[in-house]
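Participant: Could you look at this predicted model? Sequence included:
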Amino acid sequence: MTAQTPKLLLPAVIILFTLAACGEENTPEMSNANTDLNGNNDEVIVTNNNAKPTFANGSVAEATLLNEDEEEIGDVLFFNEGEYVIVEAHIDGIEPGFHGFHLHDEPVCEHDDDTPFSSAAGHYNPEDEDHGNHAGDMPPLYANEDGTAYMAVQLDTFTPEQLLEDGVAVMVHEDPDNLGHIPDRYESTEAQTSGPDDETLDTGDAGARIACGVVTESP
Ligand SMILES: [Cu+2]
């Protein structure tokens, strides 16, 4: 029986961690959790000696999201976890459903424009890839019926330090992001090509920009 005790404890730890994450109005205290994203009951493991183990200690970079009316509707935090970056987003006040979620090329979120946040330019794309493979492409955000969204995702497509060095903004879009995935059976009436046209390959057809936040170094 003694040998089973740790196994029995593990689900309880996961449940407690989940409850803490859901019940917390502000940023969940990831740094205090002993359960990592795989549910392993260990300290957050950093295997790459070159990477700072900041996921356990706090975010490296962050962005405060403002909507078109300059109201604060959420924040996005960037943590190092070994060779990966953890992106954690909390939002309250967007339409339910999926929303395109990207890093854009310029760290400028201007509101006094006919096209909101055009100041942030196109997608962060240092490798000159098509949409779906931009370094700034992140999984779409899902907003619940009450307009809240929470997402934590592990990525290997950029580092927080890179974002701070290059200067970027986080962008939330009005519509879902197709990530450039348009099968060849679809033809663009304008471009007369099968599959994704140039606009899709640039933007993922995620529509208007509804919230923007410049990525800055965490205090
Ligand atoms: Cu975008």
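Facilitator: Yes, it's here.
Participant: which ones are touching the nearest residue to residue 115 once chain neighbours are set aside?
Facilitator: Of all residues not flanking residue 115 in the chain, residue 209 sits nearest, at 7.7 Å (C-beta to C-beta, 6 or more residues apart in numbering). Using the backbone N, CA and C atoms, a C-beta is placed for each residue, glycine as well. By C-beta atoms under 8 Å, 6 or more residues apart in numbering, residue 209 lies in contact with 115-118, 120, 171-174.
Participant: State the pLDDT value of the closest residue to residue 177 other than its chain neighbours.
Facilitator: The shortest distance from residue 177 to any non-neighbouring residue, by C-beta to C-beta, 6+ apart, is to residue 100 (3.5 Å). Among the per-residue scores, residue 100 holds a pLDDT of 98.
Participant: Which neighbouring elements make contact with the helix or strand in which residue 100 is found?
Facilitator: Per DSSP states H and E, residue 100 falls inside strand 97-104. Secondary-structure packing of strand 97-104 (3 or more C-beta pairs under 8 Å, 6 or more residues apart in numbering; DSSP states H and E): strand 137-143, strand 169-173.
Participant: So for that strand, what gets flagged as buried?
Facilitator: 98-104 (16 or more other C-beta atoms under 10 Å).
Participant: ok, now stretch 79-99?
Facilitator: Judged by neighbour count (16+ other C-beta under 10 Å), stretch 79-99 contains these buried residues: 79-82, 84-94, 98-99.
Participant: So which of those residues belong to strands?
Facilitator: 79-81, 84-92, 98-99 (DSSP state E).
Participant: Out of these, the closest to the ion would be?
Facilitator: Using C-beta to the ion, residue 99 comes nearest to the ion of these, at 9.7 Å.
Participant: show me the contacts for that closest one.
Facilitator: 140-143, 149, 172-177, 206, 210.
Participant: Most neighbours among the residues you listed, please name it.
Facilitator: Among the contacts of residue 99, the one with the most neighbours (other C-beta atoms under 10 Å) is residue 172, at 27 neighbours.
Participant: How about the residues of this structure by the ion?
Facilitator: 102, 171 (C-beta under 5 Å from the ion).
Participant: And the residue of this protein closest to the ion?
Facilitator: Counting by C-beta to the ion, the chain gets nearest the ion through residue 102, at 3.4 Å.
Participant: mind listing what the closest residue in space to residue 106 that isn't next to it in sequence touches?
Facilitator: Setting aside the residues directly before and after it, residue 106 is nearest to residue 121 in space (C-beta to C-beta, 6+ apart), at 4.3 Å. Neighbouring residues of residue 121 by C-beta under 8 Å, 6+ apart: 104-106.
Participant: any chance of these in JSON lines, plus pLDDT and distance to residue 129?
Facilitator: Below are the contacts of residue 121 laid out as JSON lines (pLDDT from 0 to 100; distance: C-beta to C-beta, whole Å):
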{"residue": "104", "pLDDT": "98", "distance to residue 129": "15"}
{"residue": "105", "pLDDT": "97", "distance to residue 129": "13"}
{"residue": "106", "pLDDT": "98", "distance to residue 129": "18"}
